[in-house]
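Undergrad: with the sequence up front, the predicted model follows.
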Amino acid sequence: MDPLSVIASSVAVITATIQVGNGIAKLIALRDVPEILMALQNEVSSLQSVVFSCKSILDKHVTLGGGQGNVWGLPPGLVGVKDVLDRAKGLVEDICEVVNTKLVDSKGSFSKVKYLKEQSKLTKAKDEIRAIRIEIASGIGLMNS
């Protein structure tokens, strides 16, 4: 597994989590938003921190020489992390779409009716993000032990 592709995936997840965090923050500023959105924001923020740590560790395992990248092998604890990061990216992008397009009405206000349509999807996404975060953190923990 190429560490550079894993680093690229981690950067994509970090970027997506920033977008989701900003979208949720805007909704929270509108007031009267359900607690699940705040919990989702916390999970997305935690995922961002874990992915950033993962990227930092991977950066230490990659050396660039001359015009081409020479890579060391991916640390054993992070062998499957690319698939997990890709899964996280897709999930966070889905959440971003919901947050930015499906939870506000035509006036730009938080829509409780639209929220109720998306509530189960957001709850499931929050739980999936937690599972992904734990999986990545476990890989990091295995590397550092």
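TA: Now that the structure is in, tell me what you want to look at.
Undergrad: so which bits of the longest helix seen in the chain are buried?
TA: Longest helix of the chain, by residue count under DSSP state H: helix 112-144. Buried residues in helix 112-144, counted by 16 or more other CB atoms under 10 Å: 115, 118, 122, 125-126, 128-129, 132-133, 135-137, 139-140, 143. Where you see a C-beta, it was placed from the backbone N, CA and C, and this is true even at glycine.
Undergrad: just stretch 99-108 next, same as before
TA: Buried residues in stretch 99-108, defined by neighbour count with 16+ other CB under 10 Å: Val99, Asn100, Leu103, Val104.
Undergrad: where does the chain have its least confident helix or strand?
TA: When each helix and strand of the chain is scored by mean pLDDT, DSSP states H and E, strand 68-71 comes last, with a mean of 42.
Undergrad: quick one on the thing from earlier: tell me which of the buried residues of stretch 99-108 is nearest to Gln19?
TA: Of all the buried residues of stretch 99-108, Gln19 sits closest to Asn100, with 7.8 Å by CB to CB.
Undergrad: next, that closest one: phi, psi?
TA: phi -90, psi -20 (degrees, to the nearest 10).
Undergrad: nearest spatial neighbour of it, skipping sequence neighbours?
TA: With sequence-adjacent residues excluded and distances taken as CB to CB, 6 or more residues apart in numbering, Asn100 is closest to Gly23, at 4.7 Å.
Undergrad: before we move on, what about Ile132?
TA: Using CB to CB, 6+ apart, the closest residue to Ile132 is Ala88 (4.7 Å).
Undergrad: where does this protein have low pLDDT?
TA: Within the chain, the ranges that satisfy pLDDT under 70 run 1-4, 61-79, 142-145.
Undergrad: 80 - rerun?
TA: The chain contains residues with pLDDT under 80 at 1-7, 30-32, 57-82, 139-145.
Undergrad: ranges for the strands of this protein?
TA: Secondary structure of the chain (DSSP state E): strands at 62-65, 68-71.
Undergrad: nice, that's everything, thank you.
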